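# What follows is a predicted structure for the sequence shown.
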Amino acid sequence: MKPCRHFDRLGLLLIRPLAYVPEESIRRLAASNGWENITCTCPAGTDGARAEFRRRLEVLCGNKLSAKLRLLRGLGLA
């Protein structure tokens, strides 16, 4: 989903302000502040296409945040 999406039929503008913040950064911030960690229980979160692409991205980038950011910048997404 894009960081900013219009739902014309509903008259709604959805803004995702953390869309380009790497998940690792959000996890570190939450841990450093002692915030509770809740695991996604949605089947699409663990077995769907999104999970598969997340696994592919980890393999492609070697689980390195800097590599992910370079890839996203190269695609014009960050």
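Thanks, I have the structure now. Numbers count the residues shown, from 1 in each chain.
# What's the separation between the nearest residue to Thr46 once chain neighbours are set aside and Phe7?
Spatially, and ignoring its direct neighbours in sequence, Thr46 is nearest to Cys40 (7.1 Å; Cβ to Cβ, 6 or more residues apart in numbering). For glycine as for every other residue, the C-beta is placed from the backbone atoms N, C-alpha and C. Applying Cβ to Cβ, to the nearest Å, the value for Cys40 to Phe7 is 23 Å.
# now do Leu60
For Leu60, the distance to Phe7 (Cβ to Cβ) stands at 32 Å.
# Which one of these two is surrounded by more residues?
Neighbour tally, Leu60 and Phe7, criterion other Cβ atoms under 10 Å: the higher count belongs to Leu60, 12 against 9.
# now for the longest helix seen in the chain, which elements pack on it?
Ranked by number of residues, the top helix in the chain under DSSP state H is helix 49-61. Helix 49-61 sits against helix 43-47, helix 65-74, with contacts defined as 3 or more Cβ pairs under 8 Å, 6 or more residues apart in numbering; DSSP states H and E.
# Go again with 6 Å.
In this structure, helix 49-61 packs against no helix or strand, with contacts taken as 3 or more Cβ pairs under 6 Å, 6 or more residues apart in numbering; DSSP states H and E.
# okay, and the helix or strand of the protein with the least pLDDT?
Using mean pLDDT, DSSP states H and E, the weakest-scoring helix or strand in the chain turns out to be helix 43-47, at a mean of 70.
# show me where pLDDT drops low in the chain?
Low-confidence segments of the chain, defined by pLDDT under 70: 1, 44-45, 78.
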